[in-house]
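Participant: I need the structure of the sequence given here:
(chains A and B)
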Amino acid sequence: MNRSTRAAIPLLAATAVAMLALTGCSPRVAGDDSSGGPAQASPGITDTEIDLGMTTPLSGPLALVGSQALAGLQTYIDKLNDAGGVTFGDGKTRTIDLKGYDDGYDAAKAVANVQQEIAEGKFMNVGGLGTANNLATMPIANQNQFPNVLLQSGADGLSDDQADNPWTIGYLPTYTGETAAFGKYLASLGKPITVAILAQDDDAGAAWADGLKQGIQGSQVTVVDEEKFEAGDPQVDSQMATLAATKADVFFEATGQLNIIPQSMLKAQQLGWLPELFLPSVASGAQQSIVPGSGQAFPAIFSVAFSKDPNSPTFADDAEVQAFKAEFKQYAPAAIADAPLAQAVWGYQTGAVLEAAFQAMKEPTRQAFMDALHSLSGISIPLALDGVTFDATGTTTSPMTATVVVQQYDFEQKTYVNVG
Amino acid sequence: MDRFLASGRTRWIAFAVLVVAIGIVPIYAIPYVNYQLALIAVAAVSILGLNFVSGYIGQLSLGQSAFVGIGAYAAVFGVQQGWPDILIFLFSCAASGTIGLLVALPTARLRGHGFALVSLALPIVAIPLANRFQAFTGGATGRSVDWLHAPAWSRLADDQWRLYIIALIAIAFFLLGRNFVRGKFGRALQLVRDDELVASANGVDGYRARVLAFTMSSIFAGAAGFMYLLAVQYVTPNTMAFLSSLYLIGALVIGGRASVVGSLFGGVFYVAVPVVAGQIDASQTTLIYGAILIVVLFLVPDGIVSIPARVSVLVRRLRRPSPRKRGIT
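Facilitator: Model (predicted):
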């Protein structure tokens, strides 16, 4: 150790003492629960305001979509506040404050952020984007009885066990739910159909494949082959050769890997196998998958959706979409205000769900909020596709799973249109 | 003044104050503060390990995050098998250390950019590997554990109990690291850094020194991985991301190169600055982090650890006009 390091130790000790002084003076005892009687307000809510937090990636590779999720919810909340706030179920009108926390899609930071929200007296964590970061915060929500709701992830794990994790619920249709909808669509056609599955060998891949199998149960639709590949594999040529040999009617992509999907589509064409194609919603984009995979070679391409795509020509004249775009332009940060993505739409919808839950909330407590949220069913969701309904009463699935719409890609309009 | 601060007694008093503070703070602090303190300890131990290679030997290593991840995944494995905690801890250190040794044996012959490139490959290879062995690693979504709760007799909350364990490990590793760099071996490392020819003339084998330094570094990272899992209770392949390694290197330089105490400052910087940046503007954390990094490096190029020395230099300059007084003190 040189002289400067020696001298630095007292500096360090001084920092430690200062920190001690900052932490306050009353020791915490295990099981010391500050919650009093049932009517006592939870932290983060007064008679005039409710404070919300959102941990979401605002830096790193997912920064764009994470910021969109935040801006979408912020837009809806700002609109409500400008109109004077929301009248809650207890008769009081409150304005809503939302603060974003950057987790950079890092589980450790997400946990820190949720603990910070609790420490800063936020009422709940809402609407953050991502799977791993949100799964990591679930135990913290449980321990602190802290609502951690309407998260932007399709992972089944966030919603499928609400008996054990009563404070967490996702928002997007679960992977299982969306492919089950497609399975039901195939079954509804009432004819023998064969399906070949290419699945990435992880939780998401298994969920997509399981959903399809649930959807086609008891119908004439059969899965003739399922080939797996390890997530991260650069190519799937041998799996594609096996699948093509089945000459199945439907090629079902149970993967969100954007390097694999176009490649597998091209390989199928090369092998002379031209089935109808299914793409999961996370990878159904024209520019992501259909164009690079020469999708026009296939007789039909299906995916699922539940909300209007603000960038699709189909909805260019849609009043709701136009209103949303105008509001987003007004309230969202300038850098993204002109280009809302799907995540912003979902964030905006989350705001509508919160509004409905607040209106149904009888007491200013976190428990009352969770009860109100779980009582919602059939409420109107802005920018939802026709036929989509919201149902948060289930305890094993996310609210948007109840109905998703099966869509077919229209090459002339360059967009998806509803079929089921 | 300088001599006073440097005296052994002051140092031990300061160390004692620090230990007492570590003993008291977790009882009073809210879970959020305890969690951040735990993350500081995790970062500090991994930066101290990195310091052996990048600070003392002066060899840039970009793979430290991979070893932290290996330590954390090793701990996940131990938890899944239901091993006793002490065995899990040893396994974390051993797994990371063994892989570090295996990597170091062939690559320690490389110098400069060659070595940096090989170390850069570690996180790049480790992430797809972690995605691949899904049954054990949980793939891209990672693995969560529910592990090491505070025993009832302690009357502590989980975050307090875990922070005590983490602080204990961190103190042990800091004492270990201090003895390591102050002894014969630390001198050998610095000799290798300054001039390898002189080192070999003095009977110090540069290759062996680098292998040992890298292995020690990965053992420290393995311990940090264990602490990470204990604090976060969750690990994803993202834990090993190359970017984390870069942030660790940045924090090392900020704290102070080739300094044990500097590693602790580096840990504080690594954890606290993104929090501060998030408070200023959550959507610009990276930008603000970068700005703070540049400002700190501009003001104290030798790291935070050099602040007292710089201050005392300034103070001495101010006193210089009266040489007679200097003679009296």
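
Participant: give me the contact list for stretch B:282-292.
Facilitator: A:58-60, A:67, A:70, A:99-102, A:104, A:333, B:273-274, B:276-278, B:280-281 (Cβ atoms under 8 Å, 6 or more residues apart in numbering or on different chains). C-beta coordinates here come from the backbone N, C-alpha and C atoms, glycine included.

Participant: write the PyMOL selection for whichever of these are buried.
Facilitator: Selection of buried members from these for PyMOL, criterion 16 or more other Cβ atoms under 10 Å in any protein chain shown:
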select buried, (chain A and resi 58+59+60+67+70+99+100+101+102+104) or (chain B and resi 273+274+277+278)
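
Participant: so which of the contacts of stretch B:282-292 belong to helices?
Facilitator: With DSSP state H as the criterion, helices contain A:67, A:70, B:273, B:274, B:276, B:277, B:278, B:280 from among the contacts of stretch B:282-292.

Participant: I'd like these as a markdown table, with pLDDT and distance to residue B:203 appended.
Facilitator: Putting those into a markdown table (pLDDT from 0 to 100; distance: Cβ to Cβ, whole Å) gives the following:
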| residue | pLDDT | distance to residue B:203 |
| --- | --- | --- |
| A:67 | 94 | 58 |
| A:70 | 97 | 61 |
| B:273 | 93 | 43 |
| B:274 | 91 | 45 |
| B:276 | 92 | 48 |
| B:277 | 91 | 48 |
| B:278 | 89 | 51 |
| B:280 | 90 | 53 |
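
Participant: of the residues you listed, closest to residue A:339?
Facilitator: Residue A:339 lies nearest to residue A:67 out of the ones in helices among the contacts of stretch B:282-292, by Cβ to Cβ, at 11.1 Å.

Participant: quick check: that closest one touching residue A:336?
Facilitator: Yes - counting by Cβ atoms under 8 Å, residue A:336 is a contact partner of residue A:67 at 6.2 Å.

Participant: what about residue B:308, which helix or strand?
Facilitator: Using DSSP states H and E, residue B:308 sits within helix B:307-319.

Participant: any weak-confidence spans in the chain?
Facilitator: Chain wasn't specified; assuming chain A. Of all residues in chain A, those with pLDDT under 70 make up the ranges A:1-26, A:29-39, A:402, A:420.

Participant: sorry, I should have been clearer: chain B.
Facilitator: Using pLDDT under 70, the flagged stretches of chain B are B:1-7, B:321-329.

Participant: which helix runs longest in it?
Facilitator: In chain B, with assignment by DSSP H, the single longest helix is helix B:206-232.

Participant: in it, what counts as buried?
Facilitator: Applying 16+ other Cβ under 10 Å to helix B:206-232 flags B:206, B:209-232 as buried.

Participant: show me what contacts residue B:220?
Facilitator: The contact partners of residue B:220, taken as Cβ under 8 Å, 6+ apart, are B:45, B:46, B:48, B:49, B:50, B:52, B:173, B:177.

Participant: hang on, I meant residue A:224
Facilitator: A:194, A:195, A:196, A:246, A:248 are the contacts of residue A:224 under Cβ under 8 Å, 6+ apart.

Participant: what about 10 Å?
Facilitator: Neighbouring residues of residue A:224 by Cβ atoms under 10 Å, 6 or more residues apart in numbering or on different chains: A:193, A:194, A:195, A:196, A:197, A:243, A:246, A:247, A:248, A:249, A:250.

Participant: next, format the residues you listed as a markdown table and append neighbour count, distance to residue A:280 and secondary structure.
Facilitator: A markdown table is the format used below for the contacts of residue A:224 (neighbours: other Cβ atoms under 10 Å in any protein chain shown; distance: Cβ to Cβ, whole Å; DSSP: H, G, I helix; E, B strand; the rest coil):
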| residue | neighbour count | distance to residue A:280 | secondary structure |
| --- | --- | --- | --- |
| A:193 | 19 | 19 | strand |
| A:194 | 16 | 20 | strand |
| A:195 | 26 | 14 | strand |
| A:196 | 25 | 15 | strand |
| A:197 | 25 | 12 | strand |
| A:243 | 26 | 17 | helix |
| A:246 | 17 | 20 | coil |
| A:247 | 13 | 23 | coil |
| A:248 | 21 | 18 | coil |
| A:249 | 18 | 19 | coil |
| A:250 | 21 | 14 | strand |
